[in-house]
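Undergrad: Predicted model and sequence follow; I will ask about them next.
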Amino acid sequence: MVNAVIYARVSTKDQEREGYSIPAQLRILREYGDKNGFKIVREFWESESAGKAGRKAFSEMVNLIRTDPSIRVILVEKTDRLYRNFKDQVLIDDLGIDIHFVKDNRVIGKKSKPSDRFVHDIETAQARFYLNNLSQEVKKGQQQKALQGSYPGGMVPIGYHRNPLTKQIELDSERAPLVRQLFELYAEGDKSIDDLLIFVRQALLCYPRSGRTMARSEIERLLKKEFYTGKFAWNGVLYQGDHPAIIDRFVFERVQGAFKARSNGRFTKRQFTFSRLMTCGVCGSAITAEIKKNRYVYYHCTGYKKSHPVTYLPERSVDQQFGQIVSAATIPHDWYEFIRDSLDHELGVARARQAHQRERLELERDKVQTSMKRAFQSHLDGVVSEEFFQGVYNDLQRQLDGLNYRLSHLAESIEENIDLAREAIELSYQAESLY
């Protein structure tokens, strides 16, 4: 008997379809194996899209076949159950085994007819086209939904819930008032995130599913979400939602202003020169500043960890120490000239390399355009079907777009990198004088 493995797969969308369930696939494949005298060594199954390489069960199957030369056959329901991308198809072809597509009544292997392989390649291309088209349609549907004001995402922030019947986003009568209070408290300007954390724990503001109380970082993220103003962000674009707002725009802007004004968890009336540039060398806490006798500035550890006595350092002493650091980081004149000349030389070399790269990319672009013309002519002549033509043409169009993008950004990348290096060297050369 010939040793064989079984592979079954569903995507999350397929799981809803009765005929594509994993048990149904396994039953068909086992019956086929028994009928044709195959010895099933192992069965593999998974619920994952076949559109990209790297599926766990698929990779395990490939590794098993590589290490066990006695396995010569894969039993699978049909092409799109095994792969929907050419990388996985090539990977399976390199194993040198036979693939039995049970529902298609086709065997692909070393002894396959060219016509069978051609049909199989077309089916792989069609499967890939279907997947790409499905993904594009989903994205278009989500964008259209966003334009209409409906939030396309799944989970909604705390303070809201989805009506199980209408699927509309509604206020959570228990948690929405508490969320509103969080915004209002922080907008007052005299409350920190730690103060809000105490409020959350006392009010028992927790997530409805897990029952877990909000953490400090989650409170901060909550206060920065525009979702609570009746809007939502989707793919980097802000949309007006059809869900009710918990707070108005004025309160939201006051909260964001409070974040900007806050420094290390506390408000300050004056911006000190070296604020937020240092931490304590003993305990790692933040360094803060205060004015003594209405004129002298002193820096000291905040002492939150209370692990050592607090030492006060006058601002002029801090200034001197920073000056020494800047002086040590300033490069001498001969170094500056050498690096500057090296950058000019590198720019010349990079431009020559760019010219060669441009020539190569333009040649690739010409080849892709020629292939597109041939594919279109084959379609006009009726040599290939509409579906196959669209799949091949879309692949070529993506290649063309990628090449055009790389060509348009060649000059930008080189000039920007050299300019950035020049600015860094110039700053390092003038650091001491600027300080």
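TA: Perfect, thanks for sending it.

Undergrad: Can you tell me what sits against the helix or strand harbouring L64?
TA: Assigned by DSSP states H and E, L64 belongs to helix 56-67. Helix 56-67 has contacts (C-beta atoms under 8 Å, 6 or more residues apart in numbering) with 5, 7, 9, 42, 44-46, 48, 50, 71, 74, 83, 88, 91-92, 95, 97. In this view, the C-beta of every residue, glycine as well, is placed from N, C-alpha and C.

Undergrad: Let's see the ChimeraX selection covering just the buried ones among those residues.
TA: Burial among the contacts of helix 56-67 is assessed by 16 or more other C-beta atoms under 10 Å; the matching ChimeraX selection reads:
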select :5,7,9,44,45,46,50,71,74,83,88,92,95,97
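
Undergrad: Out of the contacts of helix 56-67, which sit inside helices?
TA: The helices, defined by DSSP state H, take in 88, 91-92 from the contacts of helix 56-67.

Undergrad: how about the residues you listed in a markdown table, adding pLDDT?
TA: Shown next, in a markdown table, are the ones in helices among the contacts of helix 56-67 (pLDDT from 0 to 100):
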| residue | pLDDT |
| --- | --- |
| D88 | 76 |
| L91 | 78 |
| I92 | 83 |
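
Undergrad: how about those in JSON lines, adding distance to R30?
TA: Shown next, in JSON lines, are those (distance: C-beta to C-beta, whole Å):
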{"residue": "D88", "distance to R30": "23"}
{"residue": "L91", "distance to R30": "25"}
{"residue": "I92", "distance to R30": "21"}
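
Undergrad: Tell me the one of the residues you listed nearest I158?
TA: Of all the ones in helices among the contacts of helix 56-67, I158 sits closest to D88, with 40.9 Å by C-beta to C-beta.

Undergrad: and the gap between that closest one and I97?
TA: Separation of D88 from I97 (C-beta to C-beta, to the nearest Å) stands at 14 Å.

Undergrad: Sort out for me which of the contacts of helix 56-67 are in strands.
TA: 5, 7, 9, 42, 44-46, 71, 74 (DSSP state E).

Undergrad: Dump those into JSON lines; add pLDDT and distance to K373 as well.
TA: JSON lines is the format used below for the ones in strands among the contacts of helix 56-67 (pLDDT from 0 to 100; distance: C-beta to C-beta, whole Å):
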{"residue": "V5", "pLDDT": "94", "distance to K373": "43"}
{"residue": "Y7", "pLDDT": "93", "distance to K373": "39"}
{"residue": "R9", "pLDDT": "87", "distance to K373": "37"}
{"residue": "R42", "pLDDT": "94", "distance to K373": "47"}
{"residue": "F44", "pLDDT": "93", "distance to K373": "42"}
{"residue": "W45", "pLDDT": "90", "distance to K373": "43"}
{"residue": "E46", "pLDDT": "87", "distance to K373": "40"}
{"residue": "I71", "pLDDT": "93", "distance to K373": "44"}
{"residue": "I74", "pLDDT": "94", "distance to K373": "38"}
